[in-house]
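Visitor: Fold the following and give me the result.
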Amino acid sequence: MTAPLIAELRRCPTCNRWGGRRVLEADGQNVRLDPENSRGTCNEGPWHGSLRGPRNACGQWLRWVAIVAEA
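Guide: Residues are numbered from 1 along each chain as shown. Next comes the predicted model:
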């Protein structure tokens with residue numbers, strides 16, 4: 001069994017524009033992805049409509065609203 005992926009801040013899966021499946025961990029910071037389904041579409045961003053994965057990023061990243069901002 002493969003361990004779930006954890007998305008890094010400023011990568012597509014932690015962006016508010018990303019449309020893939022993700023779960024916010026209890027700490028409010030880590031985003032867990034399913035390794036079998038870790039890609040999602042960019043919505044209204046510079047890569048609009050294209051599939052983006054956990055290592056993709058761009059200059060118009062917006063923090064996913066579910067992620068708690070660090071103090």
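
Visitor: List the buried residues in the lowest-mean-pLDDT helix or strand in the chain.
Guide: Lowest mean confidence among the helices and strands of the chain (mean pLDDT, DSSP states H and E): strand 5-7, at a mean of 77. Neighbour-count burial for strand 5-7, counted by 16 or more other Cβ atoms under 10 Å, picks out 5, 7. Bear in mind the C-beta positions are built from the backbone N, C-alpha and C, glycine included.

Visitor: what's that strand packed up against?
Guide: Other helices and strands packing on strand 5-7, by 3 or more Cβ pairs under 8 Å, 6 or more residues apart in numbering; DSSP states H and E, are strand 31-33.

Visitor: Paired strands for the strand it packs on, with orientation please.
Guide: Neighbouring strands of strand 31-33 in its sheet, by DSSP bridges, are strand 5-7 (antiparallel), strand 23-24 (antiparallel).

Visitor: most centrally placed residue in this structure?
Guide: Nearest residue to the geometric centre of the chain (Cα atoms, centre = their mean): Pro13, 1.0 Å.

Visitor: Look at that residue and report its pLDDT.
Guide: You'll see Pro13 listed with a pLDDT of 95.

Visitor: ok, back up a step: compare the strands paired with strand 31-33 and report which one is nearest to Leu62.
Guide: strand 5-7 (14.1 Å; Cβ to Cβ).
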